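# Return atomic coordinates for the entry below.
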Amino acid sequence: MCHKKATNTSTEPPDETQTYSPSPRSNGWLCPWNVYMVSVWFFIVLFSVFYFGTLLPFIPAIPRYVLYAIGMCIFATVIVTDIIAISINPSDPHISGQGGRNKVRPIFDRSKHRHVIENLYCNLCQSEVGYKTKHCKTCDKCVSDFDHHCKWLNNCVGDRNYWG
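Numbers count the residues shown, from 1 in each chain. Predicted coordinates:
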């Protein structure tokens with residue numbers, strides 16, 4: 001279900017001596033999903049069922065409504081911020097508009113290049129990138145102001161989805 005075979009949709013003929021990698025993910029919802037992300041959503045559902053369905057019904061009426069309101073605000077905040085952080089594509093702006101999802105990328109060859117990004121050019125994305133951009137090996141995309149790849153969000157944390 002989550003695995004897709006790489007196809008060449010570019011206009012240039014592929015280099016027969018080069019091996020190609022699958023298309024990069026644009027956000028954390030795309031497969032393959034990380035076990036950590038699935039477990040987070042499982043525990044959010046489990047804890048909400050326990051809190052709202054099992055624990056709160058046994059509390060007296062007046063404090064129950066206050067706790068329902070507080071609990072709903074907390075759960076709504078957690079769910080909305082999690083969905084937003086997973087859904088945002090943190091790719092470098094130079095690459096985002098180039099249809100990177102349909103572009104077949106070569107697998108990095110250290111005999112040709114010392115680093116993936118050299119002189120503000122990504123050898124995998126085959127595009128110019130910004131100064132603070134790094135290439136995420138998990139998502140196979142360049143991320144502006146790359147901080148880390150978050151297993152809990154199944155997405156990269158970078159300039160577009162880092163608010164701290």
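
# Show me which helix runs longest in this protein.
For the chain, the helix that runs over the most residues, judged by DSSP state H, is helix 61-87.

# buried set for that helix?
Gly71, Asp82, Ala85, Ile86 (16 or more other C-beta atoms under 10 Å). Every C-beta, even on glycine, is put in place using the N, C-alpha and C of the backbone.

# what do you get for stretch 25-41?
Across stretch 25-41, burial judged by 16+ other C-beta under 10 Å covers Arg25, Ser26, Asn27, Gly28, Leu30, Asn34, Met37, Val40.

# Assess the claim that the third one and Ile86 are in contact.
It stands for Asn27. Yes. With contact defined as C-beta atoms under 8 Å, Asn27 counts as touching Ile86 (6.3 Å).

# Quickly list what's touching both of these two.
Asn155 (C-beta atoms under 8 Å, 6 or more residues apart in numbering).

# What are the boundaries of the helices in this structure?
Under DSSP H, the chain gives helices at 35-48, 61-87, 93-96.

# For the closest residue to Cys136 other than its chain neighbours, give the beta-bridge partners.
Of all residues not flanking Cys136 in the chain, Cys156 sits nearest, at 4.8 Å (C-beta to C-beta, 6 or more residues apart in numbering). Going by DSSP bridges, Cys156 is paired in beta bridges with His149.

# what about Cys156, neighbour count?
28 (other C-beta atoms under 10 Å).

# Find the nearest non-adjacent residue to Asp159, please.
Asp145 is the one closest to Asp159 (C-beta to C-beta, 6+ apart), at 3.6 Å.

# Count the neighbours of the one you found for me.
Residues lying near Asp145 (other C-beta under 10 Å) number 16.

# which stretches of this protein have low pLDDT?
For the chain, the stretches flagged by pLDDT under 70 are 1-24, 94-114, 163-164.

# Contacts only, for the residue of the chain most remote from its centre.
For the chain, the residue at maximal distance from the C-alpha centroid (C-alpha atoms, centre = their mean) is Pro60, at 42.5 Å. Pro60 makes no contacts at all, as judged by C-beta under 8 Å, 6+ apart.

# Can you report phi and psi for it?
The phi/psi pair for Pro60 (degrees, to the nearest 10) reads phi -50, psi 160.

# how much space between it and Val45?
27 Å (C-beta to C-beta, to the nearest Å).

# Same check on Asp140?
Asp140 is 30 Å from Val45, by C-beta to C-beta.

# out of these two, which sits in the more crowded spot?
Asp140 (18 against 10).
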